[in-house]
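Predicted model and sequence below, questions to follow.
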Amino acid sequence: MLLRAVRERYGDPKRWLLRTNVETGASLGAKCIILPGIRIGTYAMVAAGAVVTKDVKAHALVVGTPAKQTAWVCRCGARLKEVPGSGWSCPQCAEVFDRVGG
C-alpha cells in the first residue's frame, strides 16, 4: 500500500501554510530549497543547490545540504575580510562593518 502526505483541504490555513520571508537584497542561487517558515536576512546569499533548514542571518553566505554559514558578504556581493579587533571590511567597495553582538 502506498501512503502519501496530504494537507488538510478545508481546515485553518494557519495550521499548514507558513510564510517564507526573503528580505531586501537577499540573493537565492538556482535550485536552492528553502523550507516553509524560514527567514532569509537582508543581503544574505544562499548558494545554488543549498537546502535551507534554519533562518539565515543578514549578510551571511550559506552553502550545502543542509545549508551552513561559511562567510559574511557585503551588499555588493563580495566576501568580507576580517579586520582584527574592529570587524569586517569589503575588499571590493571598501565598506566597513562593525562587530555587533559577537
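It's in. Numbers count the residues shown, from 1 in each chain.

For the rest of this, base every contact and every neighbour count on C-alpha atoms.
Will do.

Any stretches of this protein with poor pLDDT?
Low-confidence regions of the chain, defined by pLDDT under 70, span residues 1-16, 99-102.

Now do the strands in it.
All strands of the chain, identified by DSSP state E, fall at 21-22, 27-28, 33-34, 39-40, 45-46, 51-52, 60-63, 68-72, 81-83, 87-89, 96-98.

Pick the most deeply packed of these.
Each of those was given a mean neighbour count from mean count of other Cα atoms under 10 Å, and the largest, a mean of 28, is that of strand 45-46.

Check which helices and strands it is in contact with.
strand 27-28, strand 60-63 (3 or more Cα pairs under 8 Å, 6 or more residues apart in numbering; DSSP states H and E).

Is it possible to get JSON lines of those that adds distance to Gly87?
Putting those into JSON lines (distance: least, Cα to Cα, whole Å) gives the following:
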{"stretch": "strand 27-28", "distance to Gly87": "23"}
{"stretch": "strand 60-63", "distance to Gly87": "14"}
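
quick one: which of those strands is nearest Ala94?
In terms of Cα to Cα, the element of the helices and strands packed on strand 45-46 nearest to Ala94 is strand 60-63, at 17.8 Å.

Contacts for the closest one, please.
Contacts with strand 60-63, where a contact means Cα atoms under 8 Å, 6 or more residues apart in numbering, come from 41, 43-51, 56, 68-73.
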